[in-house]
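Undergrad: structure for this input, please:
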Amino acid sequence: MKIAHPLFIKSVHVTHPASLFSALVLVVVLHGYIDPFVLYGWLAASVLIIALRIRVAQIYPSSNKTIKHKKRRKILVYLGITLSGIIWASTPWLLFPDDPHRQMFIVFVIMGLTAGAPSASGTSILAFLCFTQPILLSLTIRYLYEGTEAFVAMAIMTQLYNIALIITSSNFSKIDHRLRVAIEAAETASLAKSEFLANISHEIRTPMNAIVGINYLLKQTTLTTQQLDYVDKSFIASNALLGSIENILDYSKVETQKSELKHSSFHLKAILNTVITLVELDVKKKGLKFSSTIIENTTTHLKGDSIKLVQILSNLTKNAVKFTDKGEIDIIIEQIGKTQTKVLLHFSVRDTGIGIDIKDHKKVFKSFSQVNTSHSRQYGGTGLGLSISQQLANLMGSEIELESELNQGSTFNFSIWFDTCLNEEVSKTTLPDTSVIAQSPWILPVFEGSTVLLVEDDELNQLVASNLLTLLGIKVEIADSAEQAFSYLDKYLPDLIILDIQMPHMDGYEAIKVIRSTRGWKDLPVICMTAHASEEEKEKALLSGMDDFLTKPIDPFVLRSTLKEWLPLKSNTRVSTAIIENNALGQPTDQSRTEIKQNIASVMDMLEDKKSSKHFFESAKASLIDSMSTLNTHLTNNDWKDASQCAHKLRGTANFYASSNLQDCLQNIDEGLIDKHSLKETQQLLRTEFELVLNLIDKRLLEQRG
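TA: Predicted structure coming up:
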């Protein structure tokens, strides 16, 4: 049985104090006119019933209880209301003095209490009747008992008043019912919207997984310069579409208050580096000048939600690039406050674009809207970027403010408190990998000899996932359905299962129940693979028995990182033959030379003035020489642990200027994928790439001096 959330339950904090106050006033007025034993006995009974009703409301909350509890609560609630009505119904008999003025006072108190009953009872007509009818019926009988014409007239008026109250209560009930129906409809619509967004996300992500994956696999093959350019453009377009999907999902999560803050260590420069990566292609296409500055003495080692900070800054920066056809974009970060454990950072994103009229400032933060409807056709976009950024800023305790005039550019400002942390606490920040296509064109076969059962019904997704796994040295067995997977498991046991969620006949959730309940299979590691990217879906998957979670499109580096948790790394894995062949004669590849030049140029553009870039590269050069010398010593002495720590530290700065060959080699050392069998090739590669970086840095420094 269900209590329909009547207002008399929700308004306990109003109705009970009002009833107690009325009782106390009545006792004060009647003191000396009524037998004290009767008067104070009546008051004690009133207080006891009020206390019991409050206690019932506390003991039997309406949520998370069984039907039995709800039924008991309903009985006790209505019993308490009836007893309250009976107590007040006794007043015309127990507390009715001879003094006519005090008689009228009692009548007014009773009428006042019953007048509030319709609104207090809400949708519950029964609650209204349980309280008012004993009182008004008792009062009517008392009037008739007196017998005079005046009292008979008052009895008739009391019943007319009662009829009016019943009509009023009925109207309140209808209005309250309609309001609750409307609220439930709105909640249902919101849930339907969320489900729709999740389904749309899944339907788009599934083919996008194939597109992005095949682009990545194409990158591993031998391509002409023009073909590489086409692949890059295809990848960028795919990521733009995924970005729009993520915007809609992020908006939905923030709107339904399901977006939560994470707390991890990060470096402010890494945040800027990620934002720069996200916008640099569009900046170059438009020929804009771009700068990012961290004001001197700003704390850069922080703790907070780096993902959401990147999202806010990238949305604001992308917006600035979109509406700026000439001029410059600036990101400025400055520390404006500090406590013993926290710092307040002020972020500004400034552009020289089309600007916004002052009267339209508030409109830019509205969802699915742009200041001028023609902008959506000219500049594109969902109209969600700024709205999401504002909501995320609010979630982080801030507010984005806009300074802009038409044709005068715009500046978006916000300030956020972050926890400070020691330098050594800052590890690899968990920011999204936005440049997979620009990563190394080879992947080490680090899981050679392992077998993975891929359970996936879509042929294109089978192709992408199986090829990515093969590149990692894994033997892949494919099952089109859960039933085929069970047939395979009856004969063989793989090292790991990758299980798609949405499949015909039997989905992933049903399949995992069978796997976890079958002897011999239940301990196999199972990784869920789905196009549903929400936190709710991830939590559901893990609770169902999955060991880990992968979203489509599959990021090859996330895949590799995830597999490392569940598959044994092969200690005798050698450096990829592709690298060794490229550097067989100890000569740097053209690719490495091009990459380093581009990276150095990007840093120069980012730092802007010669003094800053000169200081950066001189510091980088000194650090690189020292770190490489230490790393080489550890490798020569077979100190793999120390070599790993040194490589990990060096990776943090090398990503600004080094080639992908050097970065990937450092990653392999960091992850323990280099041993004495591949030591010679590794040191040769390090030496070649190291000398190339130093030569190109020296050349750039020389050009600056000239």
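Undergrad: so, low pLDDT: which residues of the stretch 201-350 of the chain?
TA: Where the stretch 201-350 of the chain drops to pLDDT under 70, the residues are 201-203, 205-206, 209, 220, 232-233, 235-237, 239-260, 277.
Undergrad: against which helices or strands is the helix or strand harbouring Gly213 packed?
TA: Per DSSP states H and E, Gly213 falls inside helix 149-219. With contacts taken as 3 or more CB pairs under 8 Å, 6 or more residues apart in numbering; DSSP states H and E, helix 149-219 sits against helix 100-115, helix 117-121, helix 125-146, helix 225-255, helix 459-471. C-beta here means a position set from N, CA and C on the backbone, and glycine is covered the same way.
Undergrad: send me stretch 496-507 as PDB with only the CA atoms.
TA: Extracted as PDB, the C-alpha positions of stretch 496-507 are listed here (Å, rounded to 0.1, in the frame of the first residue of the first chain):
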ATOM      1  CA  LEU A 496      40.800 -12.800 -20.800                       C
ATOM      2  CA  ILE A 497      37.300 -12.100 -22.300                       C
ATOM      3  CA  ILE A 498      36.300  -8.800 -23.900                       C
ATOM      4  CA  LEU A 499      32.500  -8.800 -23.800                       C
ATOM      5  CA  ASP A 500      30.200  -6.400 -25.700                       C
ATOM      6  CA  ILE A 501      27.200  -5.300 -23.800                       C
ATOM      7  CA  GLN A 502      24.600  -4.800 -26.500                       C
ATOM      8  CA  MET A 503      24.100  -8.100 -28.400                       C
ATOM      9  CA  PRO A 504      21.100  -9.900 -29.800                       C
ATOM     10  CA  HIS A 505      19.400 -12.800 -28.000                       C
ATOM     11  CA  MET A 506      21.600 -12.600 -24.900                       C
ATOM     12  CA  ASP A 507      23.300  -9.300 -23.900                       C
END
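Undergrad: mind listing what's buried along that stretch?
TA: 496-503 (16 or more other CB atoms under 10 Å).
Undergrad: and these, which two are the farthest apart?
TA: Leu496 and Gln502 (20.1 Å; CB to CB).
Undergrad: still on that earlier bit, if I take the helix holding Gly213 and helix 100-115, what angle do their directions form?
TA: Counting by axes from the mean of the first three to the mean of the last three CA atoms, to 10 degrees, helix 149-219 lies at 30 degrees to helix 100-115.
Undergrad: the inter-axis angle of helix 149-219 versus helix 125-146?
TA: Following the same axes, to 10 degrees, one obtains 170 degrees for the angle between helix 149-219 and helix 125-146.
Undergrad: off-centre distance for helix 149-219?
TA: Chain-centre distance of helix 149-219: 25 Å, with CA atoms, centre = their mean, to the nearest Å.
Undergrad: beta partners of Glu401?
TA: With DSSP bridges as the criterion, Glu401 is bridged to Asn413.
Undergrad: that one contacts Phe414, doesn't it?
TA: Yes - applying CB atoms under 8 Å, one finds Glu401 in contact with Phe414, separated by 6.9 Å.
Undergrad: quick one, strands of the stretch 501-650 of the chain?
TA: For the stretch 501-650 of the chain, applying DSSP state E, counting those that start in this stretch gives strands covering 526-530, 548-551.
Undergrad: from the chain's centre, how far out does the longest one sit?
TA: I take that to be strand 526-530. Here strand 526-530 is found 20 Å from its chain centre; the criterion is CA atoms, centre = their mean.
Undergrad: given that strand, what are its sheet partners and their directions?
TA: If you go by DSSP bridges, strand 526-530 pairs up with strand 496-500 (parallel), strand 548-551 (parallel).
Undergrad: what would the ones you listed look like in TSV with mean pLDDT and distance to Gln335?
TA: Formatted as TSV, those follow (pLDDT from 0 to 100; distance: least, CB to CB, whole Å):
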stretch	mean pLDDT	distance to Gln335
strand 496-500	93	45
strand 548-551	87	36
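Undergrad: for Leu160, find the nearest of those.
TA: Closest to Leu160 of the strands paired with strand 526-530 is strand 548-551 (CB to CB; 68.0 Å).
Undergrad: how about that closest one as PDB, C-alpha atoms only?
TA: Output of strand 548-551 as PDB, limited to C-alpha atoms (Å, rounded to 0.1, in the frame of the first residue of the first chain):
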ATOM      1  CA  ASP A 548      36.900  -3.500 -16.100                       C
ATOM      2  CA  PHE A 549      35.300  -1.200 -18.600                       C
ATOM      3  CA  LEU A 550      36.200   0.000 -22.200                       C
ATOM      4  CA  THR A 551      34.200   2.500 -24.200                       C
END
